[in-house]
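Undergrad: sequence? don't have it. structure:
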Ligand code: 6PG
């Protein structure tokens, strides 16, 4: 096989094979490899079908049968993309590439959902053997095939070589409208960016997934509130959600939710919603986000609650037993006109979404400080406007906030656009959370989103009492408002004295 192919792809699962076809669509010749030869065969069948004469005449996609053959087929210095499961498999493949003769100036791009700290370890581990680079891919199979959002991280030199490829295969946004576009033009902006050094690319993808979890959970809570609280059926809820797509709640995840609500089960013709088991799975990226927020002391409470909500859903047997023992509120109906509650829910969902995104961007900012990354938050919001799973109208407003003024850099909540929105709509936010609780509808993300807002805007929190408690039983000390230092009160004495620790 000639050593002239542009790109190599290892791992021909759903994402890997879709990336190969996307690259070929964009004019690259690709050498592909998977240990499972059947996957190679099915890729060639897809290439013949989807690339047609370009494949038959130019063989733009070729499948190799070994790591050695793969390396021999690529022009130097090589660029190889890995699309393999996060974890030890990545290192297995890297070792195989070293054995097969990969060179120091070759670049290996990990496109999986790897843990960002693993990426940093790998960049050091393989230094000198080859350049380990990362590009997190968001958008699922369709995104990988027709245009994902791509978040790159690692050595800036590698970006100079890999970036042009990523910008070609990424989703595009029309800079005049901020909307996704398929039409290449001078106004097309690629949803691909160099995020920063080390694991920065994989880190922001992890937080993207944390925001994704929160977004999905918020929509699910809105659904349960409408379905069980306001007694609307799936079709009525789908209509409501669909009507919201015309406004500020426009998002891919809301679109997907309309499709799921309208879908019938091909087997029973019953609504699909009636047959899907209510136990949420999770591959782990949302959990990583919650864990990291705790490690960094970032109050990403809505993201964390979305992970707990999945955990609670997974305790199905326990919930079935408990449902026979624990009482909810006596159902006295919703007590007011449904339409006004639906309108309030729209505003509550929008405010909660802003709160969740503010938490995600705050987490990224705290991480960037800790891990010494320089991240352009406006650029990040821009590349999330298309291709990725959280693509939504709100990301255009977030990008604009970062472009317009500095407040956003501290927290999106206090940027003028969002501060006004939340202030104008907070009564509906409060009314919806209160009504949901009154009706016995679990709303961990809707309620934590307003707790974050109320906590963040609160000049005085009850942590003064908490510090007193800690000092009373643990002599942990407290600071004073009126002067520097750490103090302890000798609580046990008749006349407690103030002792200054430092
Ligand atoms: C994306 C998605 C994707 C995610 C899967 C499974 O950006 O394309 O976030 O990367 O991993 O959808 O996610 P969970 O199993 O964690 O829900």
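TA: Now that the structure is in, tell me what you want to look at. Not measured: the values here are computed from a predicted model.

Undergrad: from here on, just use CA atoms for contacts and neighbour counts.
TA: Will do.

Undergrad: name the residues that touch stretch 76-89?
TA: For stretch 76-89, the external contacting residues (C-alpha atoms under 8 Å, 6 or more residues apart in numbering) are 6-13, 15-16, 71, 90, 103, 105-115, 162.

Undergrad: helices - which of those residues land there?
TA: 15-16, 71, 90, 162 (DSSP state H).

Undergrad: please flag which of the contacts of stretch 76-89 sit within strands.
TA: 7-10, 107-110 (DSSP state E).

Undergrad: who does the helix-or-strand element of the chain with minimal mean pLDDT touch, helix- and strand-wise?
TA: Least confident helix or strand of the chain, by mean pLDDT, DSSP states H and E, is helix 407-410 with a mean of 80. For helix 407-410, the packing partners by 3 or more C-alpha pairs under 8 Å, 6 or more residues apart in numbering; DSSP states H and E come out as helix 394-404.

Undergrad: tell me which residues in the helix it packs on are buried?
TA: Neighbour-count burial for helix 394-404 flags 394-402 (criterion: 16 or more other C-alpha atoms under 10 Å).

Undergrad: out of the residues you listed, which is nearest to the ligand?
TA: Closest approach to the ligand among the buried residues of helix 394-404 (C-alpha to the nearest ligand atom): residue 395, at 15.1 Å.

Undergrad: give me the pLDDT value at residue 230.
TA: pLDDT, residue 230: 96.

Undergrad: can you check residue 400 too?
TA: pLDDT, residue 400: 93.

Undergrad: same check on residue 179?
TA: So residue 179 comes in at 89 (pLDDT).

Undergrad: same check, this time on residue 174
TA: 94.

Undergrad: surely it touches residue 190?
TA: No - with contact defined as C-alpha atoms under 8 Å, residue 174 does not reach residue 190; the gap is 9.1 Å.

Undergrad: which of these two has more neighbours?
TA: Taking other C-alpha atoms under 10 Å, residue 174 and residue 190 do not tie; residue 190 has more neighbours (27 against 18).

Undergrad: got the phi and psi for the more buried one?
TA: Reported as degrees, to the nearest 10, the phi and psi values for residue 190 are phi -80, psi 140.

Undergrad: can you give me the pLDDT of it?
TA: 97.

Undergrad: wait, it touches residue 383, no?
TA: Yes - if you go by C-alpha under 8 Å, residue 190 and residue 383 touch, sitting 7.1 Å apart.

Undergrad: the ligand contacts on the stretch 351-500 of the chain?
TA: 388-389 (C-alpha under 6 Å from any ligand atom).

Undergrad: so which residues of the stretch 351-500 of the chain form strands?
TA: Counting by DSSP state E, counting those that start in this stretch, one finds strands in the stretch 351-500 of the chain at the ranges 478-479, 486-489, 498-500.

Undergrad: swap in the stretch 101-250 of the chain?
TA: Going by DSSP E, counting those that start in this stretch, the stretch 101-250 of the chain shows strands at 107-110, 131-138, 149-153, 172-174, 179-180, 188-190, 192-196.

Undergrad: return the most buried member of the ones you listed.
TA: Compared across those, strand 149-153 shows the largest average neighbour count, a mean of 32 (mean count of other C-alpha atoms under 10 Å).

Undergrad: got the contact list for that strand?
TA: By C-alpha under 8 Å, 6+ apart, the surrounding residues in contact with strand 149-153 are 133-139, 143, 159, 166, 170-171, 191-202, 204-205, 383-384, 386-388.

Undergrad: next up, the contacts around the residue of the stretch 101-250 of the chain found nearest the ligand.
TA: Residue nearest to the ligand within the stretch 101-250 of the chain: residue 138 (3.4 Å; C-alpha to the nearest ligand atom). Counting by C-alpha under 8 Å, 6+ apart, residue 138 touches 144, 148-150, 205, 387-389.

Undergrad: quick one: contacts for the nearest residue to it once chain neighbours are set aside?
TA: Leaving out its chain neighbours, the residue that sits closest to residue 138 by C-alpha to C-alpha, 6 or more residues apart in numbering is residue 388, at 4.5 Å. Applying C-alpha under 8 Å, 6+ apart, we find residue 388 in contact with 137-140, 143, 148-149.

Undergrad: can you give me the pLDDT of residue 2?
TA: For residue 2, the model assigns a pLDDT of 62.

Undergrad: and the one helix or strand residue 92 maps to, how far from the chain's centre?
TA: In the assignment (DSSP states H and E), residue 92 maps to helix 88-100. In terms of C-alpha atoms, centre = their mean, to the nearest Å, the centre of helix 88-100 is set 28 Å apart from its chain centre.

Undergrad: show me what counts as buried in that helix.
TA: Buried-residue list, helix 88-100, by 16+ other C-alpha under 10 Å: 90, 93-94, 97-98, 100.

Undergrad: which one of these sits closest to the ligand?
TA: Nearest to the ligand among the buried residues of helix 88-100 is residue 90, at 16.2 Å by C-alpha to the nearest ligand atom.

Undergrad: how close does residue 168 sit to residue 15?
TA: Distance of residue 168 to residue 15, computed by C-alpha to C-alpha, to the nearest Å: 17 Å.

Undergrad: the two - which one has more neighbours?
TA: Taking other C-alpha under 10 Å, residue 168 and residue 15 do not tie; residue 15 has more neighbours (22 against 18).

Undergrad: could you find the closest non-adjacent residue to the more buried one?
TA: Of all residues not flanking residue 15 in the chain, residue 141 sits nearest, at 5.5 Å (C-alpha to C-alpha, 6+ apart).

Undergrad: what about the one you found, neighbour count?
TA: By the criterion of other C-alpha under 10 Å, residue 141 has 17 neighbours.

Undergrad: my guess is it meets residue 13, correct?
TA: No - the criterion here is C-alpha under 8 Å, and residue 141 misses it with residue 13 at 9.7 Å.

Undergrad: shaky segments in this protein?
TA: The chain contains residues with pLDDT under 70 at 1-3, 335.

Undergrad: the residue of the stretch 401-502 of the chain found nearest the ligand and residue 221: what is the separation?
TA: Closest contact between the stretch 401-502 of the chain and the ligand, by C-alpha to the nearest ligand atom, is at residue 445 (16.1 Å). The span separating residue 445 from residue 221 equals 8 Å under the rule C-alpha to C-alpha.

Undergrad: what about these two, which has more around it?
TA: Each of residue 445 and residue 221 has its neighbours counted (other C-alpha under 10 Å); residue 445 has more, 32 against 19.

Undergrad: who are the contact partners of that one?
TA: Here residue 445 is in contact with 214, 217-218, 221, 302-303, 305-306, 352 (C-alpha under 8 Å, 6+ apart).

Undergrad: who wins on neighbours among these?
TA: Counting neighbours by other C-alpha under 10 Å, residue 302 comes out on top of the contacts of residue 445 with 33 neighbours.

Undergrad: and it, what element?
TA: Under the criterion of DSSP H and E, residue 302 resides in helix 301-314.

Undergrad: do that helix and the ligand meet?
TA: No - judged by C-alpha under 6 Å from any ligand atom, helix 301-314 makes no contact with the ligand; its nearest approach is 9.4 Å.

Undergrad: could you list the domains of this protein?
TA: Residue ranges for the domains of the chain, per automatic domain parsing: 7-198, 205-456, 464-500.

Undergrad: for residue 363, which non-adjacent residue is spatially closest?
TA: Distances taken as C-alpha to C-alpha, 6+ apart place residue 298 nearest to residue 363, at 5.6 Å, with adjacent residues excluded.

Undergrad: helix/strand/coil for the one you found?
TA: Using DSSP: H, G, I helix; E, B strand; the rest coil, the secondary structure recorded for residue 298 is coil.
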